[in-house]
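Chemist: Take this sequence and fold it.
(chains A, B, C and D)
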Number of protein chains: 2
Amino acid sequence: MKITYRGDYALKAVLDLALHYNQGVVTIHDLAERADVPVKFLEQVLLDLKKGGFVNSRRGINGGYLLARHPKDIKLGEVIRFIDGPVEPIACIEKGYAGCKSVYSCVIRQVCKEVAEATSGIIDNITFQDLVNRTGGAKRELVYSI
Amino acid sequence: MKITYRGDYALKAVLDLALHYNQGVVTIHDLAERADVPVKFLEQVLLDLKKGGFVNSRRGINGGYLLARHPKDIKLGEVIRFIDGPVEPIACIEKGYAGCKSVYSCVIRQVCKEVAEATSGIIDNITFQDLVNRTGGAKRELVYSI
DNA sequence: CATATTCTCCATTAACATAGTAGAGTATAT
DNA sequence: ATATACTCTACTATGTTAATGGAGAATATG
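Modeler: Okay, here's the model as predicted:
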């Protein structure tokens, strides 16, 4: 698995929206500022996320973005795959093994498959609600540690 | 983790040399043919592998490549990291978290860390001897199935 | 020693992906 | 009417990856 900046920004944006779930919309400006990313770049990412059915938006004054589904119904793996593609280490798995003529490749592919399954086992079993809970814990710690 | 063609070719070459361990040298031509990769490209990869201490070489007639260490002493993860870099999904982990100002990023990094650890748990616990054994199993099956 | 063979090294190219920018346009609350 | 905020398309710059080409150096063999 490789997470690009694009993917990283997408995850941060969805997490931010999850943290503000049921609290109205969030402007792209706020999202960009909190994630410390370029507004115009995040714009593209959010547009993609909208096409992917992860977020909705409202235009005009008081407009902004909001999650299209409940945070508990969005798995981390969904967003990662949607933005950054398959989690498999592609060089050995791509195109359903069709292009691979090497007699030794099967054992390497086997390992790649193991890695992909381990990765999926993690990112497909964590929802954004889980991340919100983790962040909430961190926030509480911050509050009480002052 | 992302394995490039370069990395894939490196793994195949090392595996091939592991399969011919203690059987003298193997020419780049043979390695390239069996792995079905361009000779000149594999050349560069083998040169890197030599610099990394994975293989040795002999020039001239009867020259070729051979493993620098016993297959049981070369872990898959070593080669992957040497050729393709860190297995961490770098966008979120790079540069020791220094550049990451987002307040939400820690939970995403945490997941990335989990993925990286799961990946390491696999590739750092498989040696090329293990791969040889797996390949040998496949070969035996082939023989007996005819 | 001459020669074929094989690795060594450096330079270059082409293709592609990624990150980021620019600007005109559309919807909407007030 | 207007300011605000999303929408959409296009573009640029940069870097990485894959692959090629060619000259040079080492070595076994006759």
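
Chemist: Tell me the residues on chain A that lie near DNA strand C, please.
Modeler: Residues of chain A lying close to DNA strand C by Cβ under 7 Å from any atom of the strand are A:4-6, A:37-38, A:40-41, A:43-44, A:58-63, A:84. All C-beta atoms are positioned from the backbone trio N, CA, C, and that covers glycine.

Chemist: Check whether the helix or strand in which residue A:120 is found comes into contact with chain B.
Modeler: Element membership of residue A:120 [criterion: DSSP states H and E] is helix A:105-123. Yes - against chain B, helix A:105-123 shows contacts by Cβ under 8 Å from any Cβ of the partner chain at A:105-108, A:110-112, A:114-115, A:118-119, A:121-123.

Chemist: Restricted to strands, list the residues of chain A next to DNA strand C.
Modeler: Mapping these onto strands (DSSP state E) picks out residue A:58.

Chemist: which one of the residues of chain A next to DNA strand C sits closest to residue B:51?
Modeler: residue A:4 (29.0 Å; Cβ to Cβ).

Chemist: Next, the contact list for residue A:9, please.
Modeler: A:35, A:37, A:41-42, A:45 (Cβ atoms under 8 Å, 6 or more residues apart in numbering or on different chains).

Chemist: hmm, back to that, please pick the buried ones from the residues of chain A next to DNA strand C.
Modeler: A:6, A:37, A:84 (16 or more other Cβ atoms under 10 Å in any protein chain shown).

Chemist: any idea how far the second one lies from residue A:65?
Modeler: Read that as residue A:37. 14 Å (Cβ to Cβ, to the nearest Å).

Chemist: same deal with the first one?
Modeler: Residue A:6 sits 16 Å away from residue A:65, taking Cβ to Cβ as the criterion.

Chemist: and if you look at residue A:79?
Modeler: Going from residue A:79 to residue A:65 by Cβ to Cβ gives 14 Å.

Chemist: swap in residue A:134?
Modeler: Separation of residue A:134 from residue A:65 (Cβ to Cβ) stands at 22 Å.

Chemist: Neighbour count: these two, which is higher?
Modeler: Higher neighbour count among residue A:134 and residue A:65: residue A:65, with 25 against 18, using other Cβ atoms under 10 Å in any protein chain shown.

Chemist: Is it correct that that one falls within a helix?
Modeler: No - the assignment for residue A:65 (DSSP: H, G, I helix; E, B strand; the rest coil) gives strand, which keeps it out of a helix.

Chemist: what bridges to it?
Modeler: residue A:26, residue A:57 (DSSP bridges).

Chemist: From what I see, residue A:91 and residue B:4 are in contact.
Modeler: Yes - with contact defined as Cβ atoms under 8 Å, residue A:91 counts as touching residue B:4 (5.6 Å).

Chemist: can you pull the contacts of residue A:42?
Modeler: So residue A:42 contacts A:9, A:13, A:28, A:31-32, A:35 (Cβ under 8 Å, 6+ apart).
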